[in-house]
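Colleague: Curious how this folds, go ahead:
(one chain, ligands or ions: 1)
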Amino acid sequence: MTMRLDYLSIFPGYFDVLDISLLGKAVDNGLVEVHAHDLRDWTHDRHRTVDDTPCGGGAGMVMKPDPWGEAFDGIIGIEPDPSVHVIFPTPSGIPFTQSAAQELSTVERVVFCCGRYEGIDHRVIDYARTMWTVHELSLGDYVLNGGEVAALAITEAVVRLIPGFMGNPESLAEESFSPGQERLLEYPLFTRPVSWRGMDVPEVLMSGHHGRIAEWRREESLLLTRDRRPDLTD
Ligand SMILES: COC(=O)COc1cccc(COC(=O)c2cn[nH]c2)c1
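Modeller: From the prediction side, this is the model:
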């Protein structure tokens, strides 16, 4: 199956990068189809206005609902379709996790709505929820200037899980946060040269003793997880 990805943004150029690297390869071999759209194409005034002051006062500007509604009509359609997944990256979203990426990797159509300014008029989300499957997703507890960078991160996390995308799927199975992997952080990795600037690869890794190597790696993962992410050990 081919996944279709649409991006709605006032800076569609952010998504030119999807034509290169691994994602570009996925486009070439027909795994994904990418369409970036300029929200201003659905404005009608001379200044192509997409924002206005917040009702009720407050700092900053809010994105007007009209352009979003017309863009939805043009890009997705006017009939409800729960098989379309519409994603709003937002600091107030639910945390985006590997399991969410896993679920989204099986979806046929995803539309990213990239907010700017202080945010998008809430009626846009309410409308979208009557039509499609909506996800308000947060990448973390920090604020970006807009949803574009978050949309790229979510895209990469999702597309790399599409069957046939990654060269060797085994590497996916072993990653942290993959299904079945306890939520442990990755152990330290080494490759040749064995000695580099006075630092040697841990001997156990050169022993060829797979049982001891697995034990060393597990112990390192447990120590690292306990130290950096005690929240994962609950
Ligand atoms: C309903 O959606 C909206 O209104 C979105 O509005 C905005 C406004 C400002 C910035 C962003 C981008 O998302 C983040 O900053 C973000 C996501 N994860 N962590 C930080 C989105």
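Colleague: got the contact list for whatever residue of the chain ends up closest to the ligand?
Modeller: Across the chain, no residue is closer to the ligand than residue 115, which sits at 2.6 Å (Cβ to the nearest ligand atom). C-beta coordinates here come from the backbone N, C-alpha and C atoms, glycine included. Taking Cβ atoms under 8 Å, 6 or more residues apart in numbering as the definition of contact, the neighbours of residue 115 are 63, 88-90, 146-147.
Colleague: how about it, secondary structure?
Modeller: For residue 115, the secondary structure call by DSSP: H, G, I helix; E, B strand; the rest coil comes out as coil.
Colleague: low pLDDT regions in this protein?
Modeller: 21-22, 167-171, 173-174, 176, 178-182 (pLDDT under 70).
Colleague: Run a quick neighbour tally on residue 154.
Modeller: Residue 154 sits with 23 neighbouring residues when counted by other Cβ atoms under 10 Å.
Colleague: Give the buried residues for whichever helix or strand it is part of.
Modeller: Residue 154 is part of helix 148-159 when elements are defined by DSSP states H and E. When burial is assessed from 16 or more other Cβ atoms under 10 Å, helix 148-159 yields the following buried residues: 148, 150-155, 157-159.
Colleague: and if you look at stretch 75-91?
Modeller: The neighbour-count check on stretch 75-91 (16+ other Cβ under 10 Å) flags 76, 84-91 as buried.
Colleague: before we move on, what about stretch 29-39?
Modeller: Buried residues in stretch 29-39, defined by neighbour count with 16+ other Cβ under 10 Å: 31-32, 34, 36-39.
Colleague: do stretch 134-142 as well
Modeller: Buried residues in stretch 134-142 (16+ other Cβ under 10 Å): 134-137, 139.
Colleague: mind listing what the residue nearest to the spatial centre of the chain touches?
Modeller: With distances taken as Cα atoms, centre = their mean, the residue of the chain nearest its centroid is residue 154 (0.6 Å). By Cβ under 8 Å, 6+ apart, the contact list for residue 154 reads 87, 89, 96, 101, 104, 112, 137, 139.
Colleague: repeat that with 6 Å
Modeller: Residue 154 is in contact with no residue at all, counting by Cβ atoms under 6 Å, 6 or more residues apart in numbering.
Colleague: what does the helix of greatest length in the chain contact?
Modeller: Ranked by number of residues, the top helix in the chain under DSSP state H is helix 210-228. For helix 210-228, contacts defined as Cβ under 6 Å, 6+ apart pick out 184-185, 187-188, 204, 232-233.
Colleague: Serialize those residues to CSV and add fields for secondary structure.
Modeller: Written out in CSV, the entries for the contacts of helix 210-228 read as follows (three-state DSSP):
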residue, secondary structure
184, coil
185, coil
187, coil
188, coil
204, helix
232, helix
233, helix
